[in-house]
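# The amino acid sequence is not available; the structure is as follows:
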């Protein structure tokens, strides 16, 4: 399973039914949290997300609506008995803030909190494990801000059944073939792996563009994304205000998805001035049809 | 009107129906916020509390469940266009934390944020205006923690109607009498104020004991409170755990109210391990009958 669940789709001022930014990326048995606005721990409870399964947290930037819920979540995890290491990928100042808050409350977390600083200089791959590869890239925002690319690793080569039959390779050996091994037959013939398998299929990619103004600098990162998340703080009649505040409009998000040749777009980070979100779809879909609102509590398969 | 509205009655780990500590004290036309756990701004929206009417915020101590919601509230107030000064009474480290968070997000609040540090050395009256006097006192907790006394000022002296009639003082002069003025009659007689008025009635007092283990050091502060708030993190069978963690039990809260000769007690800061709160009342009321649960969304008149 590779999917994203929206916990918050609003911009800075939370409302009773729209929360600040937070998303859960599920990749097989692991959960990754992407941004963590105030109230995220309650949103996780509301949507039955198992806090204990979190291993990695990604914070795009230090505007409060993207991280004010983190310190409370860390405290709760510790009180609930977590002992497993938790890794936070974030702009480096976040470590200073969190450590100061822990110190002032005399709190020692019961688990190790590991920080990986995100800076413009070290952009690229930050996490690679058996299932998943995560990289990050800068967006254009008022303060340093980063988007993330989550790519499921498809490491297994694909068996060609006619070929394995032709070379009489026993099925018990297939898992080794999928990992790239050759096969030594009893008659002395060495069956090369690439005679009987095909390279792994490319992995699926979820691209999270965080907060950003419209910029084609994002295109190489968003290119051919299976799912693209792009903010749409404003409708397009406020394009000027959007640019002033380093945010984007409905039409701009859809234009980016179109130009990046993405498969699907979800839009969020709506200004709390809008109570009806349908106009965002009405403006986006004529530009990029496969657009949906990022709705809280909804899981989007990738 | 003098009243307290409960916004959060839970201890550290929030649940979907119980939030971390926050209370609104209403005194005539002003609102005071007492502690500000994560999600307080949403609780204010839920219970239709006008954020714009806040002038003073009191933070008892720097455990997160008492202040993690403050930075988000300040941000929202600024985004909503507040320009009026807001004063925060809190342990001094809070200023460092908030200023660091504002700096990292490149935020300049649109209003002046004034800090008044609370320390064991400067305990006593911290605020006095036409309606209200607020003082603070230390409680016994794992880190420095302070309780607050909110006392409505009754500054007007009470007219004795028979006496004002006897001295033939015109009703138009009564407001001056209530403020303590003497009355000069045309026949030359100076009517002394205390011939025709009585001293102001004593003001009503709400005493908020924040987080604390049971200690009779609180008695002088809680004495004869019209309304006393005392935490009851645990039921009494966990008295040992309560003491270890510098918290109190149901029976201890009631005992304090009894010994302080308080008029009424509300209890809160319940551990999230308890889903049923009735046992807290069952244990408290035999000791101090006029006890109620501090229920979220409920306003208690003082």
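Now that the structure is in, tell me what you want to look at. Please read all numbers here as calculations on a predicted model, not as lab measurements.

# what are the ranges of the helices in chain A?
Counting by DSSP state H, chain A has helices at residues A:40-46, A:70-79, A:93-104, A:161-166, A:174-178, A:193-196, A:219-222, A:239-244, A:250-259, A:278-284.

# Leaving out the residues flanking it, which one is nearest to the residue in the stretch 151-300 of chain A positioned nearest to chain B?
Using C-beta to the nearest C-beta, the single residue of the stretch 151-300 of chain A nearest to chain B is residue A:272, 8.9 Å away. Yep, even glycine has a C-beta here, placed from its N, CA and C like the rest. Counting by C-beta to C-beta, 6 or more residues apart in numbering or on different chains, the nearest residue to residue A:272 once its immediate chain neighbours are dropped is residue A:13, at 4.5 Å.

# Let me know whether the one you found touches residue B:79 as I believe.
Yes. When contacts are counted by C-beta atoms under 8 Å, residue A:13 is listed as touching residue B:79 (5.5 Å).

# follow-up on the earlier one: so the residue of the stretch 151-300 of chain A closest to chain B touches residue A:16, yeah?
No. Counting by C-beta under 8 Å, residue A:272 does not reach residue A:16; the two are 10.5 Å apart.

# More neighbours: which of these two?
Remark: of residue A:272 and residue A:16, residue A:272 carries more neighbours, 17 against 9, as counted by other C-beta atoms under 10 Å in any protein chain shown.

# if I look at that one, how far off is residue B:76?
For residue A:272, the distance to residue B:76 (C-beta to C-beta, to the nearest Å) stands at 9 Å.

# Mutual contacts of the two, please.
Residues touching both residue A:272 and residue B:76 (C-beta atoms under 8 Å, 6 or more residues apart in numbering or on different chains): A:12, A:13, A:14.

# So for the residue nearest to the last one when sequence neighbours are not counted, what's the pLDDT?
Translated: residue A:14. Ranked by C-beta to C-beta, 6+ apart and with sequence neighbours excluded, the top spatial neighbour of residue A:14 is residue A:20, at 5.3 Å. In the predicted model, residue A:20 carries a pLDDT score of 97.

# State the pLDDT value of the residue nearest to residue A:272.
pLDDT for residue A:13: 86.

# now residue A:202
So residue A:202 comes in at 78 (pLDDT).

# Can you name the residues that contact the nearest residue to it once chain neighbours are set aside?
Excluding the flanking residues, the one nearest residue A:202 by C-beta to C-beta, 6+ apart is residue A:154, at 7.0 Å. Neighbour list for residue A:154: A:200, A:201, A:202, A:203 [criterion: C-beta under 8 Å, 6+ apart].

# And the buried ones among those residues, selectable in PyMOL?
Applying 16 or more other C-beta atoms under 10 Å in any protein chain shown to the contacts of residue A:154 leaves a buried subset, and the PyMOL line that selects it is:
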select buried, chain A and resi 203
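
# Strands of the stretch 51-200 of chain A, start to end?
A:54-58, A:86-90, A:113-117, A:124-128, A:132-138, A:146-152, A:158-159, A:183-184, A:190-191, A:197-198 (DSSP state E, counting those that start in this stretch).

# Could you export the ones you listed to JSON lines, including columns for mean neighbour count, mean pLDDT and distance to chain B?
Shown next, in JSON lines, are those (neighbours: other C-beta atoms under 10 Å in any protein chain shown; pLDDT from 0 to 100; distance: least, C-beta to the nearest C-beta, whole Å):
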{"stretch": "strand A:54-58", "mean neighbour count": "21", "mean pLDDT": "96", "distance to chain B": "15"}
{"stretch": "strand A:86-90", "mean neighbour count": "21", "mean pLDDT": "98", "distance to chain B": "11"}
{"stretch": "strand A:113-117", "mean neighbour count": "15", "mean pLDDT": "97", "distance to chain B": "13"}
{"stretch": "strand A:124-128", "mean neighbour count": "14", "mean pLDDT": "93", "distance to chain B": "20"}
{"stretch": "strand A:132-138", "mean neighbour count": "20", "mean pLDDT": "95", "distance to chain B": "16"}
{"stretch": "strand A:146-152", "mean neighbour count": "24", "mean pLDDT": "96", "distance to chain B": "15"}
{"stretch": "strand A:158-159", "mean neighbour count": "14", "mean pLDDT": "92", "distance to chain B": "45"}
{"stretch": "strand A:183-184", "mean neighbour count": "16", "mean pLDDT": "94", "distance to chain B": "55"}
{"stretch": "strand A:190-191", "mean neighbour count": "14", "mean pLDDT": "95", "distance to chain B": "58"}
{"stretch": "strand A:197-198", "mean neighbour count": "16", "mean pLDDT": "93", "distance to chain B": "49"}
